[in-house]
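Participant: I would like the atomic coordinates for the input below:
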Amino acid sequence: MTDYRPLIATARPGAAALARFEALRRTHFPPARNVVPAHISLFHQLPGSEADAVVARLKLAAREHPQPAVEVAGLRSLGRGVAYTLRSPSLAALHADLAAAWAPLLIPQDRVRFAGHVTVQNKVDPAVARATLAALSAGFTPWTFAVVAIDVWRYLDGPWAKLTAVDLRA
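Facilitator: Presented below is the predicted three-dimensional model:
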């Protein structure tokens, strides 16, 4: 039986970077809203009926693209939250490759140019978000990490269930 619930594709930072982002989310995200792990959204809604084709294309991309190096370049306001902005030509190239392959499947939100970020706070009062942005910006120093895998998730009307992970070559 085909599962038609949407798929989400995310880039997973290496273990140390993921732990750092997770700690920030535990500190700054409202606990009731922190239902998915720290991630870098690549595609927000792929057709659930195409799961096998999505995973097959990701496996091909994993052979073609090495682990992207990513610079955590700064912070930005989300209005009611805060995110770290990311810079990575190689991750943007991987995203563009996948977007071209999946063009007929993409919703408008996923057709736009890749703007990598990791959300560490969301759905809070704007004053709380401004204070968090100020506090995190005060001690900010750029740093880098590698993306080690692409995770595919099934959207479950709020939380996500991991369908599979495709490791990227080192």
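Participant: check which helix or strand covers Lys162.
Facilitator: Using DSSP states H and E, Lys162 falls within strand 160-167.
Participant: Next: Asp151.
Facilitator: Following DSSP H and E, one finds Asp151 within strand 143-155.
Participant: Can I get that strand in PDB? Just the C-alpha atoms.
Facilitator: The C-alpha trace of strand 143-155 is given here as PDB (Å, rounded to 0.1, in the frame of the first residue of the first chain):
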ATOM      1  CA  TRP A 143      32.500  28.100  12.500                       C
ATOM      2  CA  THR A 144      32.300  25.300  10.000                       C
ATOM      3  CA  PHE A 145      31.100  21.700   9.800                       C
ATOM      4  CA  ALA A 146      30.400  19.100   7.200                       C
ATOM      5  CA  VAL A 147      27.000  17.700   6.100                       C
ATOM      6  CA  VAL A 148      27.300  13.900   6.500                       C
ATOM      7  CA  ALA A 149      23.900  12.700   5.300                       C
ATOM      8  CA  ILE A 150      20.600  13.500   3.800                       C
ATOM      9  CA  ASP A 151      17.700  12.300   5.900                       C
ATOM     10  CA  VAL A 152      14.300  11.600   4.500                       C
ATOM     11  CA  TRP A 153      11.300  12.000   6.800                       C
ATOM     12  CA  ARG A 154       7.600  11.300   6.600                       C
ATOM     13  CA  TYR A 155       5.500  14.200   7.700                       C
END
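Participant: Same question for it: list its buried residues.
Facilitator: Phe145, Ala146, Val147, Val148, Ala149, Ile150, Asp151, Val152, Trp153, Arg154, Tyr155 (16 or more other CB atoms under 10 Å). Using the backbone N, CA and C atoms, a C-beta is placed for each residue, glycine as well.
Participant: wait, the second one sits on Val70?
Facilitator: Yes: between Ala146 and Val70 there is a contact under CB atoms under 8 Å: 7.0 Å.
Participant: Now do the shared contacts for the two.
Facilitator: Both Ala146 and Val70 are in contact with Pro13, where contact means CB atoms under 8 Å, 6 or more residues apart in numbering.
Participant: which residue sits closest to Glu71, ignoring its sequence neighbours?
Facilitator: Nearest residue to Glu71, sequence neighbours excluded (CB to CB, 6 or more residues apart in numbering): Arg87, at 4.5 Å.
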